[in-house]
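1. Below: sequence and its predicted model.
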Amino acid sequence: MSLLELKNVYKIYGELHALDDVSLKVEKGEWVSIMGPSGSGKSTMMNIIGCMDKPSKGEVLLDGVDISKQSAKELTTIRRDKIGLIFQQFHLVNYLTALENVMLAQYYHSLPDEKEALEALDRVGLADRARHLPSQLSGGEQQRVCVARALINYPEIILADEPTGNLDEANEAIVVDLFHKLHNEGTTLIVVTHDPEVAEVAQRTLVLRSGRLAKEVVNQNFTGQIHFDRS
Amino acid sequence: MKKSTMFVRMITASLMRRRSRMVVALLSIAIGATVLSGLVTIYYDVPRQMGAQFRNYGANMILTPSGDSMTLDDVAAGAACIPSDQLVGMTPYRYETVRIRETPVVAAGTDLESAKKTSPFWSVEGEWPSANGELLLGAAVAEQYRLKVGDTIEVTYTPEELADASADPATVTADEMILFDVTGILDTGGSEEDHIYMYMADLETLTGTANKADVAELSVSASGDVLAGYVERVAQGSDAVSARLVKRVTASEATVLSKLQALVLLVTTVVLALTMICVATTMTAVVTERRKEIGLRKAIGASDSSIIKEFMGESMLLGLLGGVLGSMLGFLFAQEVSVHVFSSTISFRPLLVPITIIVSIAVTGLSSLLPIRSATEVDPALVLKGE
Ligand SMILES: Nc1ncnc2c1ncn2[C@@H]1O[C@H](COP(=O)(O)OP(=O)(O)OP(=O)(O)O)[C@@H](O)[C@H]1O
Ligand SMILES: [Mg+2]
């Protein structure tokens, strides 16, 4: 059984079909990129997979559970237990330090563990920035805090909506690097991106156009090794 | 780390690091708590205050001769039947008819220092006499003789046996005369304005007789049955004097008191309501301002109940801080009011501190309920779309 399966999913806003009969499967441990022009429905799809929104029609099976039929409360539980989210605009709680932001995810999931949270920050190279507030961190550093927060509870699937959209190349490389490590550890990754270079390091690239799945490209060169280098 | 540790860390961080916003909320709660605890303090202190106030409104007991006359010693003996710590003031009065410019006028001899205490509502233009030879004129008398403060005036006394024979000019020389300085004009709105007031010693010199009193006004710090009990005690303890209560003052005490307390209660309710509105408004603004954060928290797995818990925690912490601040400021506020309105200090009530804090927390929590409920309605998807 696939970890994630979308069956004929629609998301309709009035006349607009933000998602128009989308079907796809993602296997456990897979790394998938999603591309497409602006307004093609990428975020809409990520919100639905991330249990923050429901489709207008169709089934979304996550671990065999149809999340389109769950209550808001059950969706919260699924989000908490199975999903790690990374957003384009590095959403952090602005009055909590980097460390506390990571611990927040632990707090909602199970128990806050300062040592483990510090280790996660260390993984993203921010051990020395743990006690800084988001306002005292650069955009790249904030995004890495988000990555640390997304991976802290060992989610089955990490959803990243343009994680490198606001980053310079050096930080982009660091984040992609982290995706590689997570992938090697067996984490399933779905990454929305506009950047073909970020997209093609994944195993597969899905292209959305006007809410429809237009194209699927399998990356022949995928090695699973760190080979992202633009310099 | 325990969940509760993280919880406390989060809500204190929210208050400490978002200070400017929180100061406004804290201020409204603290002001509410201040007025509340201040008014409650006054509410409970009013009876005590008003007791003193009404004692100020003059005597609540008077002593009169049982027979034809009484001496100052009789008065002192009568007053001695009342415990000395309850006896706030005792003023004997002796009335005699004297003459100013050949017209008769009633002169009262008394202890003017004591009269000042037992008759605080007397308003004196100029100064109270402070020595023998000084005179306080009733306003009506001053009007009649066209006298003013600073004038000097001759006061004569004609003994009764001489007055009978006043037709005989040879005896007129027997009159006593004292030259008085007018130091003050007395304005009471009552019959006191028809009299002149001098020290007992002057009146005794004028009349040539000493140790006499017609009435004594007593100010006793007791009311109701206790005061009635003292009347009883004076009756048993003394043959020469009899005591009775000044009914008018003691009866009105109760009505004025209850009206004042009702007023304080009303103001307290209004302030409470205003505080709640203010807190609710601030919390609504806080929730609106933090929609994005709420969405984020939900997106990373916060349930509705944990959102409610966190915001409730914050608002109750605010309530706690506001309550602590308010109970301290409230005492100062009550003290100020007391000093300015009642001219006396109030006693600190330790019990009021925890009560203020608990009420403050409860009120803040209660008025945050609706705004916090709206926080749970934030949709994580909408917020994360980069609104
Ligand atoms: N809540 C909504 N109500 C109405 N229309 C919406 C709503 N959310 C999204 N849309 C529309 O759905 C379409 C897809 O939006 P979506 O955010 O998924 O695009 P996207 O592929 O993520 O674009 P971008 O690359 O710019 O982020 C857009 O045309 C958008 O205007
Ligand atoms: Mg998008």
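-> Looks like it came in fine. Ligands and ions are numbered 1, 2, ... in the order given.
2. any idea which helix or strand carries the spatially closest residue to A:Gln70 that is not a sequence neighbour?
-> Nearest residue to A:Gln70, sequence neighbours excluded (Cβ to Cβ, 6 or more residues apart in numbering or on different chains): A:Ile78, at 6.9 Å. Glycine gets a C-beta too; all of them are placed from N, C-alpha and C. Assessed by DSSP states H and E, A:Ile78 sits inside helix A:72-82.
3. Please pull out the lowest mean pLDDT helix or strand from chain B.
-> Sorted by mean pLDDT, DSSP states H and E, the helices and strands of chain B end with helix B:160-164, the least confident at a mean of 58.
4. so the residue most central in space within chain A, which of the three states?
-> By Cα atoms, centre = their mean, chain A has its centre lying nearest to A:Leu159, at 1.7 Å. Put simply, A:Leu159 is strand when judged by DSSP: H, G, I helix; E, B strand; the rest coil.
5. Would you agree it is in contact with A:Met45?
-> No - here A:Leu159 does not reach A:Met45: they are 9.7 Å apart, not a contact under Cβ atoms under 8 Å.
6. Compute the first-to-last residue distance for stretch A:62-79.
-> End-to-end distance of stretch A:62-79: 11 Å, with Cα to Cα, to the nearest Å as the criterion.
7. Now for the closest residue to chain B within chain A: which residues touch it?
-> Going by Cβ to the nearest Cβ, chain B is nearest to A:Arg80 of chain A, at 2.8 Å. Shown in contact with A:Arg80 (Cβ atoms under 8 Å, 6 or more residues apart in numbering or on different chains): A:108-109, A:153, B:300-303.
8. cool, and B:Asp111?
-> Applying Cβ under 8 Å, 6+ apart, the residues near B:Asp111 are B:91-92, B:199-200.
9. repeat that for 7 Å
-> With contacts defined as Cβ atoms under 7 Å, 6 or more residues apart in numbering or on different chains, the neighbours of B:Asp111 are B:91-92, B:200.
10. next SSE after the least confident helix or strand of chain B?
-> Using DSSP H and E, the helix or strand that follows helix B:160-164 in sequence is strand B:176-187.
11. ok, and what's touching the helix or strand following that next one?
-> Using DSSP H and E, the next helix or strand after strand B:176-187 towards the C-terminus is strand B:195-199. Contact with strand B:195-199 is made by B:105-110, B:112, B:129, B:132, B:135-138, B:141, B:180, B:186, as judged by Cβ under 7 Å, 6+ apart.
12. Can you mark which positions in stretch B:307-321 are buried?
-> Buried residues in stretch B:307-321, counted by 16 or more other Cβ atoms under 10 Å in any protein chain shown: B:307-308, B:310-321.
13. now, which of these sits nearest ligand 1?
-> Here the nearest of these to ligand 1, counting by Cβ to the nearest ligand atom, is B:Ile307; it sits at 21.7 Å.
14. Helix or strand: which one has the closest one?
-> Take DSSP H and E as the rule and B:Ile307 turns out to sit in helix B:304-337.
15. same thing with B:Leu63?
-> Element membership for B:Leu63, per DSSP H and E: strand B:61-65.
16. Check A:Ala170 too.
-> A:Ala170 is part of helix A:169-184, with elements assigned from DSSP H and E.
17. CA atoms only: put that helix into CSV for me.
-> Extracted in CSV, the C-alpha atoms of helix A:169-184 (Å, rounded to 0.1, in the frame of the first residue of the first chain):
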residue,chain,number,x,y,z
GLU,A,169,22.1,29.8,-3.0
ALA,A,170,24.3,28.9,0.0
ASN,A,171,21.2,28.4,2.3
GLU,A,172,19.4,26.7,-0.5
ALA,A,173,22.3,24.2,-0.7
ILE,A,174,22.1,23.6,3.1
VAL,A,175,18.4,23.0,3.0
VAL,A,176,18.6,20.6,0.0
ASP,A,177,21.4,18.9,1.8
LEU,A,178,19.2,18.3,4.8
PHE,A,179,16.5,16.8,2.5
HIS,A,180,19.1,14.4,1.3
LYS,A,181,19.9,13.3,4.8
LEU,A,182,16.3,13.0,5.7
HIS,A,183,15.6,11.0,2.6
ASN,A,184,18.5,8.7,3.4
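18. list the buried ones in it?
-> In helix A:169-184, the ones that count as buried by 16+ other Cβ under 10 Å are A:171-180, A:182-183.
19. Pipe those residues into a markdown table and attach distance to A:Met52 and pLDDT per row.
-> Formatted as a markdown table, the buried residues of helix A:169-184 follow (distance: Cβ to Cβ, whole Å; pLDDT from 0 to 100):
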| residue | distance to A:Met52 | pLDDT |
| --- | --- | --- |
| A:Asn171 | 26 | 86 |
| A:Glu172 | 25 | 89 |
| A:Ala173 | 29 | 90 |
| A:Ile174 | 27 | 88 |
| A:Val175 | 22 | 88 |
| A:Val176 | 24 | 91 |
| A:Asp177 | 27 | 89 |
| A:Leu178 | 23 | 89 |
| A:Phe179 | 21 | 92 |
| A:His180 | 26 | 91 |
| A:Leu182 | 21 | 91 |
| A:His183 | 23 | 92 |
